[in-house]
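In: give me coordinates for this.
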Amino acid sequence: GPWAEALQKALWFFNVNKSGPGVHCTDVQWRGDAHVGDGVIALDPDDPNGVNLSQAFIDEHRAVLDPDGDGTVDLAGGYHDAGDYIKFTLTTAFAASMIAWSVYEYPDSYTTTSLLDEALGQVRWAADYFMKSTFRDADGKLVAFAHQVADASDHSCFWMPPEVRRTDLCPRKAYFVHEGRPAADVTAAAAATLALTGIVTYAHRKTEADVEYAERCLDYAKALYEFAARHPEARASDDGGLYTSNSSTDDLAWAALWIYL
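Out: Numbering: from 1, shown residues only. Below you'll find the model as predicted:
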């Protein structure tokens, strides 16, 4: 009926905003791989398509940031924020958390409409990106988290389909939080999303791989939360004022609840 179609269209909307390789949507046929350059962001503070990390930080943590030694970090994937192409943790986390929460609360609505796999796929698209953006040491402790790719300069750059947009025209810088530049809002928001993803993935598991994925999500959620909890008042502010969080304690509480569950 009309409500089932409304739910379907709401989920399809997220397909339109997917970034990275593997963007294939039969329901949105004009979309394809986009901003694949996010997969090779230079570990160089001076490169327009580089990072906001200091050279000293990069040198100290190179084994964690760049285990394959190619001088780049892979931050491909995730979702474009809107009609622009910035990737924000706060908006991605909110969107994915709402989908996952609705699956948690109303699983029958998704099974009855045959939209469960669609919903879980969207949530996992976000979770995959957050785990890729989380850099941990051998003990599983957070070293850095890439909370944003591209910035306000995106708005003054050429608008064109993301499939054909080139980084030499529109640079895409990656912004990180770490011990020297902490933030609880983005790390706790990502932690909540991952914990929620683990819960709904496990609840609707079909294979052993689903169980392993759920456990991996929780593992990453704990690392992000542990970092956030040590810096409860700190908030990220790399977006040029586009999304300024007025609180981080709500994100910490939200993450703590889902990790506990």
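In: can you pull out the strands in the stretch 1-150 of the chain?
Out: Assigned by DSSP state E, counting those that start in this stretch, the stretch 1-150 of the chain shows strands spanning 41-42, 72-73, 87-88, 134-136, 142-149.
In: can you check the stretch 151-261 of the chain too?
Out: Under DSSP E, counting those that start in this stretch, the stretch 151-261 of the chain gives strands at 174-178.
In: ok, back up a step: any idea which of the strands of the stretch 1-150 of the chain is most buried?
Out: Ranked by mean neighbour count, these are led by strand 87-88 with a mean of 28 (mean count of other CB atoms under 10 Å). In short, each C-beta sits where N, CA and C put it, glycine included.
In: that strand packs against which elements?
Out: strand 142-149 (3 or more CB pairs under 8 Å, 6 or more residues apart in numbering; DSSP states H and E).
In: now with 10 Å?
Out: strand 142-149, strand 174-178 (3 or more CB pairs under 10 Å, 6 or more residues apart in numbering; DSSP states H and E).
In: looking at those, which is nearest to residue 105?
Out: strand 142-149 (27.3 Å; CB to CB).
In: spit out the contact partners of the residue nearest in space to the middle of the chain.
Out: Centroid-nearest residue in the chain, with CA atoms, centre = their mean: residue 130, separated by 3.8 Å. By CB atoms under 10 Å, 6 or more residues apart in numbering, the contact set of residue 130 is 77-78, 89, 92-93, 96, 145-147, 186-187, 189-191, 193-194, 197, 217, 220-221, 224.
In: which ones among those lie within helices?
Out: 89, 92-93, 96, 186-187, 189-191, 193-194, 197, 217, 220-221, 224 (DSSP state H).
In: let me see the ranges of the helices in the protein.
Out: 2-16, 55-60, 62-65, 89-105, 107-112, 116-132, 184-203, 208-230, 249-260.
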